[in-house]
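In: need a 3D model of the following:
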Amino acid sequence: MGCTVTVCRDCCCGSRSKHPTVDHDAQLSALRATLEPGHRVRTSLCLDVCAQSNVVVVQPAPEARRAGARPVWFGLVLDDAVLTDLTTWVHAGGPGVAPVPPILELSVITPPPAS
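Out: The predicted model follows:
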């Protein structure tokens, strides 16, 4: 199995009232169509970084995780260009395997402190 991509879909992420010009369902469908079955795409309740919605977390593939790779958090994933850059990076191996492309670095955010 490859990476696991977690898409926040709760109070702010995926909200038409907060992001009325984003087709949130199409965004999730595009991730699934592009990444599955080689990678897992799942949704999550609030990830506690609402100011950065829409949030997507890419967890490394198991081998990369065992080698020390850590999840990478992305915020403001609101347009197709960011989504395409993200899926291209995941197909290249994602965290611990492929460096985050400079254009995608602009979307990297700090995860909330562990509780």
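In: so where's the chain shaky on pLDDT?
Out: Along the chain, the model assigns pLDDT under 70 to residues 115.
In: distance of the residue most central in space within it from residue 49?
Out: Per Cα atoms, centre = their mean, the C-alpha nearest to the average position across the chain is that of residue 56, at 2.6 Å. Remark: distance between residue 56 and residue 49 (Cβ to Cβ, to the nearest Å) = 11 Å. Backbone N, C-alpha and C define where each C-beta goes, glycine included.
In: give me the common contacts of those two.
Out: Common neighbours of residue 56 and residue 49 are listed as 8, 73 (criterion: Cβ atoms under 8 Å, 6 or more residues apart in numbering).
In: one step back: could you measure from the residue nearest to the centre of the chain over to residue 40?
Out: From residue 56 across to residue 40, the span is 13 Å (Cβ to Cβ).
In: quick check: neighbours shared by these two?
Out: The contact lists of residue 56 and residue 40 share residue 5, where a contact means Cβ under 8 Å, 6+ apart.
In: distance of the closest residue to residue 43 other than its chain neighbours relative to residue 69?
Out: Of all residues not flanking residue 43 in the chain, residue 9 sits nearest, at 4.5 Å (Cβ to Cβ, 6 or more residues apart in numbering). Using Cβ to Cβ, residue 9 is found at 25 Å from residue 69.
In: who has more neighbours, these two?
Out: Set residue 9 next to residue 69 and count neighbours by other Cβ atoms under 10 Å: residue 9 wins out with 22 against 19.
In: I'd assumed residue 42 was in contact with the more buried one.
Out: No: the criterion here is Cβ atoms under 8 Å, and residue 9 misses it with residue 42 at 9.8 Å.
In: and the helix or strand harbouring residue 104, what's buried?
Out: Counting by DSSP states H and E, the element that carries residue 104 is helix 102-105. By neighbour count on 16 or more other Cβ atoms under 10 Å, the buried set for helix 102-105 is residue 104.
In: so after that helix, what's the next helix or strand?
Out: As assigned by DSSP H and E, the chain's next helix or strand after helix 102-105 is strand 108-109.
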